[in-house]
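> one predicted model, sequence on top.
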2 protein chains.
Amino acid sequence: MTTTTPVDNGVNTAALLGARDALTAAPAAAEFTWRATTVWVLGTHSHSTVETFSGLGQEHTHVSTFSFDADHPECFASEDRGATPVEIVLVALGSCLTGGIAAIAQHREIQLRRVSATLEGDMSVLGILGADPDVRNGYREIRVRFDIDADASPDEIDALIAQSQKRSAVFDLVTNPTTVIVETAR
Amino acid sequence: MTTTTPVDNGVNTAALLGARDALTAAPAAAEFTWRATTVWVLGTHSHSTVETFSGLGQEHTHVSTFSFDADHPECFASEDRGATPVEIVLVALGSCLTGGIAAIAQHREIQLRRVSATLEGDMSVLGILGADPDVRNGYREIRVRFDIDADASPDEIDALIAQSQKRSAVFDLVTNPTTVIVETAR
């Protein structure tokens, strides 16, 4: 006789499937607005907070206020009081794909043991310095390398990663263009 | 007799202009690779770190290791142990534009007193839930609203914001497509 331990990656799949059904029937409730506030500190150092968002037809407040410092490093004549904004983009991408892998693994009844990702993005700073109009400001290429230990075959792991990209909000934001409107309070 | 206090936004403009000249003459040194590592914790919760990068032809280590938690909120049946990855993208965008405003203001000899930005991004979660193939996963639109107090006219402040967008790495990353390669260590 064998006993089977239920797969548990800490994701409530039943709730997510229930939400999908409910929101498909009431798409207005699926509209979310996410927010952040950035306050300049000094030089290139800024402090940002994430506290509230709207969705499911109502306002929400996070369990705690999340804080972020950003800065440029010392080799850019700055104080290095936080990660650079472009490193923070890599964090957003890595965390989005990783959370997706956990959720999809749960849905596919694959037990995860360990998931880690190393991310790298290449850029020439001639773009942001305004030194060469042919060099873009952002990354030329981003590479994400996953290391996953799970009760699954290599093909199943590859399929998990592929599905996570397909459903990732940040992967979409980085690989496709998004409209940004910048305005001034006056 | 009047005395003039030098403009000081905490940005070393001379060093940046020197770097621009030096890197224009030696563009290989302008190549940077930025990095982040993401480790899955449980459910949609992950922990990311930013520690090293390469540029100016050598390896660099940040003054301290910067850490980030990401998660989904309670209304997504998660534990809300960190900001969502899409909120972290807003933080990256707000901090990139704000640091740029400080650097450009210094170059234009405009004294800043206060800079803050509120950012909002709209999405329908029917995309990430896989409920509607016509809905994208990422933001439909992002709005950034700056509130700036500076020794400058409204037109000069508008020009600061415009130039910051023009030179911002994250503004470029969000508004234009970037190649992302995802692979597995095996």
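Looks like it arrived, so ask away. Numbers count the residues shown, from 1 in each chain, chains lettered A, B, ... in the order given.
> which parts of chain A are strands?
Applying DSSP state E to chain A gives strands spanning A:31-42, A:45-55, A:58-70, A:112-124, A:141-150, A:179-184.
> so the third one versus strand B:58-70, what angle?
Strand A:58-70 and strand B:58-70 are oriented at 160 degrees to each other (axes from the mean of the first three to the mean of the last three C-alpha atoms, to 10 degrees).
> about what we covered before: would you mind giving the strands of chain A as TSV with distance to B:Phe171 and mean pLDDT added?
Placement of C-beta: from N, CA and C, glycine included. Below are the strands of chain A laid out as TSV (distance: least, C-beta to C-beta, whole Å; pLDDT from 0 to 100):
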stretch	distance to B:Phe171	mean pLDDT
strand A:31-42	13	98
strand A:45-55	15	98
strand A:58-70	14	98
strand A:112-124	14	98
strand A:141-150	16	98
strand A:179-184	6	97
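> could I get the ones you listed as JSON lines with distance to chain B and mean neighbour count?
Output for the strands of chain A, formatted as JSON lines (distance: least, C-beta to the nearest C-beta, whole Å; neighbours: other C-beta atoms under 10 Å in any protein chain shown):
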{"stretch": "strand A:31-42", "distance to chain B": "3", "mean neighbour count": "21"}
{"stretch": "strand A:45-55", "distance to chain B": "4", "mean neighbour count": "21"}
{"stretch": "strand A:58-70", "distance to chain B": "3", "mean neighbour count": "16"}
{"stretch": "strand A:112-124", "distance to chain B": "4", "mean neighbour count": "20"}
{"stretch": "strand A:141-150", "distance to chain B": "4", "mean neighbour count": "18"}
{"stretch": "strand A:179-184", "distance to chain B": "5", "mean neighbour count": "14"}
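> okay, these in a markdown table with distance to A:Ile88 next?
Below are these laid out as a markdown table (distance: least, C-beta to C-beta, whole Å):
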| stretch | distance to A:Ile88 |
| --- | --- |
| strand A:31-42 | 11 |
| strand A:45-55 | 9 |
| strand A:58-70 | 6 |
| strand A:112-124 | 11 |
| strand A:141-150 | 13 |
| strand A:179-184 | 16 |
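> select, out of those strands, the one closest to B:Ile110.
Closest to B:Ile110 of the strands of chain A, according to C-beta to C-beta: strand A:31-42, at 13.0 Å.
> state the distance from the residue nearest to A:Glu156 when sequence neighbours are not counted to chain B.
Of all residues not flanking A:Glu156 in the chain, A:Ile110 sits nearest, at 6.3 Å (C-beta to C-beta, 6 or more residues apart in numbering or on different chains). According to C-beta to the nearest C-beta, to the nearest Å, A:Ile110 stands 13 Å off from chain B.
> ok, now which ones touch A:Ile110?
A:Ile110 makes contacts with A:7, A:150-152, A:156, A:160, as judged by C-beta atoms under 8 Å, 6 or more residues apart in numbering or on different chains.
> to B:Asp134, which of the strands of chain A lies closest?
strand A:31-42 (14.6 Å).
> just want the angle from the closest one to strand A:45-55.
Interaxial angle, strand A:31-42 versus strand A:45-55 (the same axes, to 10 degrees): 170 degrees.
> quick one, strand A:31-42 and strand B:112-124 angle?
Using the same axes, to 10 degrees, the inter-axis angle of strand A:31-42 relative to strand B:112-124 is 160 degrees.
> strand A:31-42 pairs with which strands, parallel or anti?
strand A:45-55 (antiparallel), strand B:112-124 (antiparallel) (DSSP bridges).
> and B:His45, which of those strands is closest to it?
Comparison of those against B:His45 by C-beta to C-beta identifies strand A:45-55 as nearest, at 15.2 Å.
> hey, C-alpha coordinates of the closest one in CSV?
Provided in CSV are the C-alpha atoms of strand A:45-55 (Å, rounded to 0.1, in the frame of the first residue of the first chain):
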residue,chain,number,x,y,z
HIS,A,45,18.1,58.7,-4.4
SER,A,46,14.3,58.3,-4.1
HIS,A,47,12.0,56.5,-1.8
SER,A,48,8.9,54.7,-3.1
THR,A,49,5.9,53.2,-1.3
VAL,A,50,3.2,50.8,-2.3
GLU,A,51,0.1,50.9,-0.1
THR,A,52,-3.3,50.8,-1.8
PHE,A,53,-4.9,49.4,-5.0
SER,A,54,-8.4,49.0,-6.4
GLY,A,55,-10.0,45.9,-7.8
